[in-house]
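1. give me a model of this one.
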Amino acid sequence: MCVSLPVLSFLLCRSASSAATASHFACVFINRDRRKILSRMVSHSELRKLFCSADAVCFDVDSTVIREEGIDELARFCGVEDAVSEMTRRAMGGAVPFKAALTERLALIQPSREQVQRLIAEHPPHLTPGIRELVSHLQERNVQVFLISGGFRSIVEHVASKLNIPSTNVFANRLKFYFNGEYAGFDEMQPTAESGGKGKVIKLLKEKFQFKKIVMIGDGATDMEACPPADVFIGFGGNVIRQQVKDNAEWYITDFVELLGELEE
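-> Reported below is the predicted structural model:
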């Protein structure tokens, strides 16, 4: 039986054990409906205007700025590709909490400091076509560009250097190693280590720099959920298409040329 949101909200409230619980359920549905209504009110031309007038643009890295998924490449390098790739697919689709997926994948990979360094040296990540030009064009317009990634800072900083993005504009996860270089875990205090972490970073950027308009661009569910607090989310499917993102993003592109064209008009 199909039940509308207002009816479902009413039924949940009636069945809740307390008035506080009922109020919580009602607020959840009201807020969801309000978000949907507000998103429908923003036209595509308005989204384009917001992008062109943004103070800052934040990019996901894996499968967005670069063509690969960094953690999958590390897994391949360490000989555990198949199991880790499936976990990545589920995490990017929003099927499992990000921190849980990250913990499981790293437990399988157990990367040493030497392996990470060799990966970067022998198999450096490939920039997505058009990203260098797009970042350069944004920087010429005095737009701040940030990389916000659930990947590893050592790899993301390498990517940032190729795009002339300062390391202070990089937010990513930090691997930890023992004195002998063996894997010792990851820094779980980093906001990018958990679901919702990218939104926390964007909120921090707004508070620290007083940005009025921030755009988030990425391929995965963790990128899409960062809006809000981001003012615009642009889904990217140029390397891999995440169906959930394609179906729900207000603006979805498969080539950075489209965004370059917006800036050049």
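2. mind listing what's buried in the helix or strand harbouring Gln139?
-> In this structure, Gln139 sits in helix 131-140 according to DSSP states H and E. Buried residues in helix 131-140, counting neighbours by 16 or more other C-beta atoms under 10 Å, are found at 131, 134-135, 138. In this view, the C-beta of every residue, glycine as well, is placed from N, C-alpha and C.
3. could these go into CSV alongside distance to Arg113?
-> Formatted as CSV, those follow (distance: C-beta to C-beta, whole Å):
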residue, distance to Arg113
Ile131, 28
Leu134, 33
Val135, 29
Leu138, 33
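4. what stretches of the chain score poorly on pLDDT?
-> 1-43, 86-96, 265 (pLDDT under 70).
5. do that again at 80, thanks
-> Scanning the chain for pLDDT under 80 picks out 1-49, 51-52, 82-99, 101, 188, 192-196, 240-241, 243, 260-265.
6. ok so, going back, what about the helix holding Gln139, distance to the chain center?
-> 19 Å (C-alpha atoms, centre = their mean, to the nearest Å).
7. counting contacts, what elements does it pack onto?
-> strand 56-59, strand 144-152, helix 257-264 (3 or more C-beta pairs under 8 Å, 6 or more residues apart in numbering; DSSP states H and E).
8. send me it as PDB with only the CA atoms.
-> The C-alpha coordinates for helix 131-140 follow below in PDB (Å, rounded to 0.1, in the frame of the first residue of the first chain):
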ATOM      1  CA  ILE A 131      39.600  20.000 -14.700                       C
ATOM      2  CA  ARG A 132      42.900  21.900 -15.000                       C
ATOM      3  CA  GLU A 133      41.300  24.500 -17.200                       C
ATOM      4  CA  LEU A 134      38.300  24.800 -15.000                       C
ATOM      5  CA  VAL A 135      40.300  25.300 -11.800                       C
ATOM      6  CA  SER A 136      42.600  27.800 -13.500                       C
ATOM      7  CA  HIS A 137      39.600  29.800 -14.800                       C
ATOM      8  CA  LEU A 138      38.000  29.800 -11.400                       C
ATOM      9  CA  GLN A 139      41.300  31.000  -9.800                       C
ATOM     10  CA  GLU A 140      41.600  33.800 -12.400                       C
END
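9. give me the angle between it and helix 257-264.
-> On the basis of axes from the mean of the first three to the mean of the last three C-alpha atoms, to 10 degrees, helix 131-140 is oriented at 20 degrees to helix 257-264.
10. any idea how far the residue nearest in space to the middle of the chain is from Pro124?
-> Centroid-nearest residue in the chain: Asp223, 3.0 Å away (criterion: C-alpha atoms, centre = their mean). Per C-beta to C-beta, to the nearest Å, Asp223 is found 23 Å from Pro124.
11. hang on, Ala172 packs against Ala160?
-> No: using C-beta atoms under 8 Å as the test, Ala172 is too far from Ala160 to be in contact (9.3 Å).
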